[in-house]
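1. Pasted the sequence and its predicted model underneath.
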Amino acid sequence: MLSGKKIALGVTGSIAAYKAAALVRLLVKNGAEVKVLMTTAAKQFITPLTLATLSRHPVLVEFFNPENGGWNSHVKLGLWADLVLIAPATANTIGKMACGIADNLLLTTYLSAKCPTVIAPAMDMDMYAHPAHRQNLALLRSRGVLVAEPACGELASGLQGQGRMADPEEIVRLLREFFEKKNRLSGKHFLVTAGPTCEGIDAVRFIGNYSSGKMGYAIAEELAARGARVTLVSGTVSIATKHAGVTLCKVTSAQEMYDAAVRIFPDTDGAVMAAAVADFTPERKVEGKLKRGESSLSLTLVPTKDIAAHLGSIKKANQTLVGFALEAADEYANALKKLREKNLDLIVLNSMNEAGAGFNVDTNKVYIIGKNGEQTACELKPKHEVAKDIVDRLQSLLNVES
Ligand code: CTP
């Protein structure tokens, strides 16, 4: 329920702004207290009077009132709210949020808010698909902003595609789910490993892999969003996390990741091993830079330590260990074998034969396998959604309700 929840609703200039009226009604009906902020452009689509009447609070638009010299605090609502909801959120507002631009009251509220933010994008399908917009959306997601995915259908332009603002019912369902899940893992501490490891050959070269770290970062953020404290041991990646609940520990090699994981694990309620750890490392790292020669070069590689297997061997009864398996053949049997050999409680199987899954993409298709071989197939979806499924399963093992 949304009973007693304080929601600052930002409405921006999209045709979908007319749906804000139904959204405010539904939020209020669900027990929320709603205060509305609008951009000047939004007033072209729906009047402040409508939203003020439905929300039972005056609607804020401008910083200043030229008539009487009064001003609206640019940060007050952000500090008041339990959640900032921007619906509809235009490509323009999303772009400004990503860049930290603060040229209206809605944006200063977003930038000063201490609470979570949910956006419901609404725009034409080509705008939605544009790489600039996709990048802005990914950046906001990486900072913990939740996105109510727009639906496919007929758009204001008359074209068909993805870009219709999610229905008010869907947005309210998302908010209810968010508040229900929030804090379910508070008081818990998890270790998450993510990204590739780099095994040095000489001062400038290394053996690495294509892991982007996106899956592990999404899991760390999902755990933190549910109130857990997370220590994220990450190999070299180009993404960042700004979630206050996530403490980042950067490492480079498999040995460094092993040292960090072994140090952190005893103090946790469990670990999720999403890193793509190199299985081999050069026996000796060459000082300086190897010179090109006429003859071929041989490197002797020695095995690295298996971090997941070691944590499995020292795991206490009250700790839960989740691993990943990347398999090219006999996927299920190999994953189950890994789960048992490494003493894991769950294993997330990535098949190399699934399009849109695995390394360096934003989506994933996984199977979550339990100790008794029971498996759940998850459909292909964005990694932050896959993270929710994985954390739901982990949570059920901890006897915490989903
Ligand atoms: N893992 C680890 N340390 C390693 C190798 C793997 O912690 N040195 C972890 C991974 O993070 C993952 C699980 O073990 O959670 C399985 O990794 P995967 O690469 O699929 O399997 P491997 O055990 O390396 O076996 P193989 O490469 O032969 O399939």
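-> In hand now; what should we look at? Residues are numbered from 1 along each chain as shown.

2. Would you mind listing what in the stretch 301-402 of the chain touches the ligand?
-> Proximity of the stretch 301-402 of the chain to the ligand, by CB under 6 Å from any ligand atom, involves residues Thr304, Asp306, Ile307, Ala308, Gly323, Phe324, Ala325, Leu326, Lys338. Using the backbone N, CA and C atoms, a C-beta is placed for each residue, glycine as well.

3. what does the stretch 101-250 of the chain give?
-> Contact residues (CB under 6 Å from any ligand atom) of the stretch 101-250 of the chain with the ligand: Thr193.

4. Could you pull up the contacting residues of whatever residue of the stretch 101-250 of the chain ends up closest to the ligand?
-> Taking CB to the nearest ligand atom, the ligand has its nearest neighbour within the stretch 101-250 of the chain at Thr193, 5.9 Å off. Under the criterion of CB atoms under 8 Å, 6 or more residues apart in numbering, the neighbours of Thr193 are 216, 232-234, 257, 261, 271-275, 277, 307.

5. can we see that at 7 Å?
-> Gly216, Val233, Met257, Ala261, Met273, Ala274, Ala275, Ile307 (CB atoms under 7 Å, 6 or more residues apart in numbering).

6. ok, now how distant is the residue sitting furthest away from the middle of the chain from Pro303?
-> Here the chain reaches farthest from its C-alpha mean at Glu294, the gap being 48.5 Å by CA atoms, centre = their mean. According to CB to CB, to the nearest Å, Glu294 stands 31 Å off from Pro303.

7. Kindly report the same for Ala224.
-> 33 Å.

8. Looking at those two, which one has more neighbours?
-> Set Ala224 next to Pro303 and count neighbours by other CB atoms under 10 Å: Ala224 wins out with 22 against 10.

9. SS state for the more buried one?
-> Ala224 falls in the helix class when you classify it by DSSP: H, G, I helix; E, B strand; the rest coil.

10. Ala8 and Leu79 touch, don't they?
-> No: applying CB atoms under 7 Å, one finds Ala8 not in contact with Leu79, separated by 9.7 Å.

11. okay, those two: which has more neighbours?
-> Ala8 (27 against 13).

12. what bridges to the more buried one?
-> Applying DSSP bridges to Ala8 yields these beta-bridge partners: Lys35, Val84.

13. Let me see the contact set for it.
-> So Ala8 contacts Lys35, Leu37, Leu77, Gly78, Trp80, Ala81, Val84, Thr109 (CB under 7 Å, 6+ apart).

14. What are the boundaries of the strands in the stretch 251-400 of the chain?
-> 270-273, 280-282, 301-303, 320-327, 346-351, 363-364, 366-370, 375-377, 381-382 (DSSP state E, counting those that start in this stretch).

15. could the ones you listed go into CSV alongside mean pLDDT?
-> CSV is the format used below for the strands of the stretch 251-400 of the chain (pLDDT from 0 to 100):
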stretch, mean pLDDT
strand 270-273, 98
strand 280-282, 98
strand 301-303, 98
strand 320-327, 96
strand 346-351, 93
strand 363-364, 84
strand 366-370, 96
strand 375-377, 93
strand 381-382, 86
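
16. Looking at the ones you listed, spot the one closest to Met125.
-> Among these, strand 381-382 comes nearest to Met125, with 17.4 Å by CB to CB.

17. Tell me, how many residues neighbour the residue nearest to Leu290 when sequence neighbours are not counted?
-> Nearest residue to Leu290 in three dimensions, chain neighbours excluded: Asp202, at 4.8 Å (CB to CB, 6 or more residues apart in numbering). Applying other CB under 10 Å, we find 15 residues neighbouring Asp202.

18. For Asp202, which residues are in contact?
-> Applying CB under 7 Å, 6+ apart to Asp202 gives the contacts Lys285, Val286, Gly288, Lys289, Leu290.

19. what do you get if the cut-off is 6 Å, keeping everything else the same?
-> Residues near Asp202 by CB atoms under 6 Å, 6 or more residues apart in numbering: Val286, Lys289, Leu290.

20. Please consider this matter closed, and thank you.
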